[in-house]
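**Student:** task: produce atomic coordinates for the following.
(chains A and B)
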Amino acid sequence: MATVPSDRDPRARWAPDRVGRLGTGTTLLILAGIAAIVFVAPGIAALAVVAGVLAYLLLPLVDQLERKGMGRTAAAWTVFLGLVIVLGVLTALGAPLLLEQGQALQSKWASGEIPRLLADAEADLARKLPLVEPGELGLVQSIREATEGAADEPLVLYAPAAMEAIGNAILIPFVLFALLKDGPLIRKRLLGLVPNRTFEFAMGVVYKIDAHLGGYLRGQAIVAVFVGAGTALGLWALGVEYYLVLGIVTGIANFVPYVGFVVSCALALAVSVLTTDGFGQATGVLVVFIVLQTVENAVLQPWITGKNVSLHPALVLGAILVGGKVGGVLGMALAVPAASIIKVVVVETVVNLRRFHF
Amino acid sequence: MQSLWKSLLGGPGASENDVLQTIPLFEELSSRELDAVRRLLHRREYVAGESIFVQGEPGLGMYIIERGAVSIQSEPSGRELVELTDGDFFGEIALLNEVIRTATARAKTDCTLLSLFQPDLLALLDRNSRLGVKVLLALARLVGLRLVEVSDEVEDLTRECEQLRARLGDAADGDGS
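**Tutor:** Numbers count the residues shown, from 1 in each chain, chains lettered A, B, ... in the order given. Purely as a prediction, here's the structure:
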C-alpha cells in the first residue's frame, strides 16, 4: 500500500496522466501534422471532411450489412460500390439533361432574351414604383457582370483545375472506403490518445454526440434529397423549364432554414414567369413549394430532429448571417448543421464535465 | 488496408485473446467471437498510483487486468477493499447501466488494462445479437453469483449481529441480577 498515494494527497489527483498508448510527443506530432495539413493544403483537409461526412452518413448501412452476417470488408465494399453505381446511374441519366438545360439557359442569355425580359421587368417595376427611375436598379448590369467575369479567364487556367478535380475524384473514394471499412477502428484508436484520467469522460461525450448528431445529419441529408427530388418532379410535371437545375438548387438551399425556401421558391417563380409570360404556371409552382414545405415541416423535421439538436430560431438566423459572412452561399448552407454540431458538442461536454470531479 | 492501419497505429497482440479466454465473461466464446470482442476492447497502460476511476463519478464500463495489480479503495478513507491481479476484472455493473462508481480503482503497480464500454456492448447487441446475448448472459450469471455471495455475507453478518445482541443482553441480565 505504500506505493499507492492516498486521495488526500492533492498532487495525486491533479498529477498529469500519461497519454494512453502513445507518448505525449507522438500525440503532439500527430496534432502538428493535422494542423500543418489544414494550413498548407486546406484543399486536402476539405476533401477529408467531404469523405468523412459521406462516410458518417453511410456507416449505418455498413453496420446493417454486418448485422446480416456479412464481413466488415465485404459490407464496406457493397456499400461503396452501391454508392458508385447509384451516383453513376444518376450522372448518366441526369448529366446530359443538366448540360442541356444549362446550355439552353446560356444560349437564351447569349441571344439577349433573358436580359431583354429582365430589362422589361425592370422598366415595368420602375413605372409602378414612382421612386425608382428606369435603369436605376441596375439588375441587368449586375447579373451581366457576375456572369461574364468567370467566362473571361483564359483556357490555360482550367488545366490545373481539371487536374485537381481528377485528383479529388480519386482521393475521395479512397478515403471514403477506408473510413467505411475501418471507421470504428479509427475512432477507437483516436480515443486511445486521450489521457487515462479523462478517458471515460471523453468516451461518454463522444458516444452521446454520436447518438444525437448521427440521426440529425442523416435526417438532414434525407430531407434535402426529398425536397430536391420533389421540387424537380413537381416542376417537371408543371412543365417548368430548367426543372432539374431548380430541383438541385432547392435541395441544397434547403439546408438554410427559412431563407433557403424563400430564395429557391422566388427563383423558380422568376423562371416560370420569365419563360411563360404569365402567372398560370407560377401559381402551380407556388403550390408545389407550399406542399413540399408543409410536408417537410409537419412530417419530416419533427421526425428527424431530436430535442437536443434543435436550435432556437434566433440562433439559426444568427448562424446563417455569420455563415454568409464567412463562406458566402455555401457558408450559409453549412451554417445551421455546423451550429447544431457545435451546440451538441458544447452541451454534452458541459453536462458530462459537471458529473466528473476533475 | 488493415495492415496499413496496423503499422500506422499499432495493432493488438495475440496475448489479448489468451487473457480474454480465462475471464468468466468470455469463457464460452469461440476464438472467432473472441476476435469480435477484442475489437471492442480498449487497451490502456496505467502507472503505479494512477487512478483508473474515482468513486462518485459516472461509470461507463468494465476493466479487465491483462497485467499488473489494481487496488479497489473506499473513499474518502482510502481503505483498500480488495486487491485484484492478472485476469481479474472490475466495474462490470457499469456495463449494464450507467451508474455512479461505488469505489475508486487505483493501479498498484504499472498495469495494462482492457476496457469494455456499455455503448460498445449495446452496439454489439445490435450488430451481432447472438454474440451480444452470449456476453450478456454470462454477465447476468456473474452478477447473479455476486448477488448470492453478497446475500450470504449479509446473512452471516445478521447472524453475527444477533449473537452480539444476545451476548449483550446476557451481560445486561447478568448486571441486573
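**Student:** pull the residues that contact stretch B:22-33.
**Tutor:** When contacts are defined by C-beta atoms under 8 Å, 6 or more residues apart in numbering or on different chains, stretch B:22-33 is touched by residues B:17, B:20-21, B:34, B:37, B:64, B:87, B:89, B:92, B:131, B:134-135, B:138-139, B:142. For the C-beta atoms, the positions are set from N, CA and C on the backbone; glycine is no exception.
**Student:** recalculate using a threshold of 7 Å.
**Tutor:** B:17, B:20-21, B:34, B:37, B:64, B:87, B:89, B:131, B:134-135, B:138-139, B:142 (C-beta atoms under 7 Å, 6 or more residues apart in numbering or on different chains).
**Student:** dump that stretch to CSV, restricted to CA.
**Tutor:** In CSV, the C-alpha atoms belonging to stretch B:22-33 read as follows (Å, rounded to 0.1, in the frame of the first residue of the first chain):
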residue,chain,number,x,y,z
THR,B,22,-9.6,-17.0,-18.9
ILE,B,23,-12.2,-14.4,-18.0
PRO,B,24,-15.5,-16.0,-16.9
LEU,B,25,-17.4,-13.4,-19.0
PHE,B,26,-15.9,-14.7,-22.2
GLU,B,27,-15.0,-18.3,-21.5
GLU,B,28,-17.8,-19.7,-23.6
LEU,B,29,-16.9,-17.8,-26.7
SER,B,30,-15.2,-19.3,-29.8
SER,B,31,-12.0,-17.8,-30.9
ARG,B,32,-13.8,-16.0,-33.7
GLU,B,33,-16.2,-14.5,-31.3
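**Student:** still on that earlier bit, quickly check the contacts of stretch B:22-33 for the two that are furthest apart.
**Tutor:** Checking the contacts of stretch B:22-33 against each other with C-beta to C-beta, the farthest-apart pair comes out as B:Gly87 and B:Leu131, at 21.3 Å.
**Student:** quick one, helices of the chain?
**Tutor:** Just so you know, I chose chain A. Ranges of helices in chain A, per DSSP state H, are A:10-14, A:24-40, A:42-67, A:72-110, A:113-128, A:139-151, A:158-191, A:196-238, A:243-253, A:259-276, A:280-295, A:301-304, A:313-355.
**Student:** wrong one, I was asking about chain B
**Tutor:** With DSSP H as the definition, chain B shows helices at residue ranges B:2-9, B:15-21, B:31-40, B:93-96, B:118-127, B:129-176.
**Student:** angle of the longest one against helix B:118-127?
**Tutor:** It refers to helix B:129-176. Computed by axes from the mean of the first three to the mean of the last three C-alpha atoms, to 10 degrees, the angle separating helix B:129-176 from helix B:118-127 equals 130 degrees.
**Student:** what helices or strands is helix B:129-176 leaning on?
**Tutor:** Using 3 or more C-beta pairs under 7 Å, 6 or more residues apart in numbering or on different chains; DSSP states H and E as the contact criterion, the secondary-structure elements in contact with helix B:129-176 are helix B:31-40, helix B:118-127.
**Student:** possible to save the ones you listed as TSV with mean neighbour count and distance to A:Leu81?
**Tutor:** Output for the helices and strands packed on helix B:129-176, formatted as TSV (neighbours: other C-beta atoms under 10 Å in any protein chain shown; distance: least, C-beta to C-beta, whole Å):
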stretch	mean neighbour count	distance to A:Leu81
helix B:31-40	16	24
helix B:118-127	18	21
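**Student:** could I get the ones you listed as a markdown table with mean pLDDT?
**Tutor:** Formatted as a markdown table, the entries for those read as follows, by pLDDT from 0 to 100:
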| stretch | mean pLDDT |
| --- | --- |
| helix B:31-40 | 84 |
| helix B:118-127 | 85 |
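**Student:** give me the neighbour count for B:Ser74.
**Tutor:** By the other C-beta atoms under 10 Å in any protein chain shown criterion, the neighbourhood of B:Ser74 contains 13 residues.
**Student:** also A:Gly214?
**Tutor:** 14.
**Student:** report pLDDT for B:Glu149.
**Tutor:** What the model reports as pLDDT for B:Glu149 is 91.
**Student:** please give me every residue in contact with it.
**Tutor:** Applying C-beta under 7 Å, 6+ apart to B:Glu149 gives no contacts.
**Student:** list the contacts of stretch A:76-85.
**Tutor:** Stretch A:76-85 is contacted by residues A:58, A:61-62, A:65, A:176-177, A:180-181 when judged by C-beta under 7 Å, 6+ apart.
**Student:** quick one: A:Val94 from B:Glu66, how far?
**Tutor:** Val isn't right for residue A:94; it's Gly. 55 Å (C-beta to C-beta, to the nearest Å).
**Student:** give me the more crowded residue out of those two.
**Tutor:** Per other C-beta under 10 Å, whichever of A:Gly94 and B:Glu66 has more neighbours is B:Glu66, with 21 against 15.
**Student:** and the pLDDT at the nearest residue to the more buried one once chain neighbours are set aside?
**Tutor:** The shortest distance from B:Glu66 to any non-neighbouring residue, by C-beta to C-beta, 6 or more residues apart in numbering or on different chains, is to B:Thr112 (4.4 Å). Taken from the predicted model, the pLDDT recorded for B:Thr112 is 89.
**Student:** burial of B:Thr112, as a residue count?
**Tutor:** Around B:Thr112 sit 18 other residues, with neighbours defined as other C-beta under 10 Å.
**Student:** give me every residue that touches it.
**Tutor:** Residues counted as contacts of B:Thr112 (C-beta under 7 Å, 6+ apart) are B:43, B:45, B:66-68.
**Student:** who does it bridge with?
**Tutor:** Note on B:Thr112: beta-bridge partners B:Glu45, B:Arg67, judged by DSSP bridges.
**Student:** tell me how far it lies from A:Arg187.
**Tutor:** For B:Thr112 relative to A:Arg187 (C-beta to C-beta), the value is 21 Å.
**Student:** next one: A:Val79
**Tutor:** From A:Val79 across to A:Arg187, the span is 18 Å (C-beta to C-beta).
**Student:** check A:Thr91 too.
**Tutor:** Using C-beta to C-beta, one obtains 31 Å as the distance from A:Thr91 to A:Arg187.
**Student:** which of those two has more neighbours?
**Tutor:** Neighbours were tallied for A:Thr91 and for A:Arg187 using other C-beta under 10 Å; the higher tally belongs to A:Arg187 (14 against 11).
**Student:** thanks a lot, catch you later.
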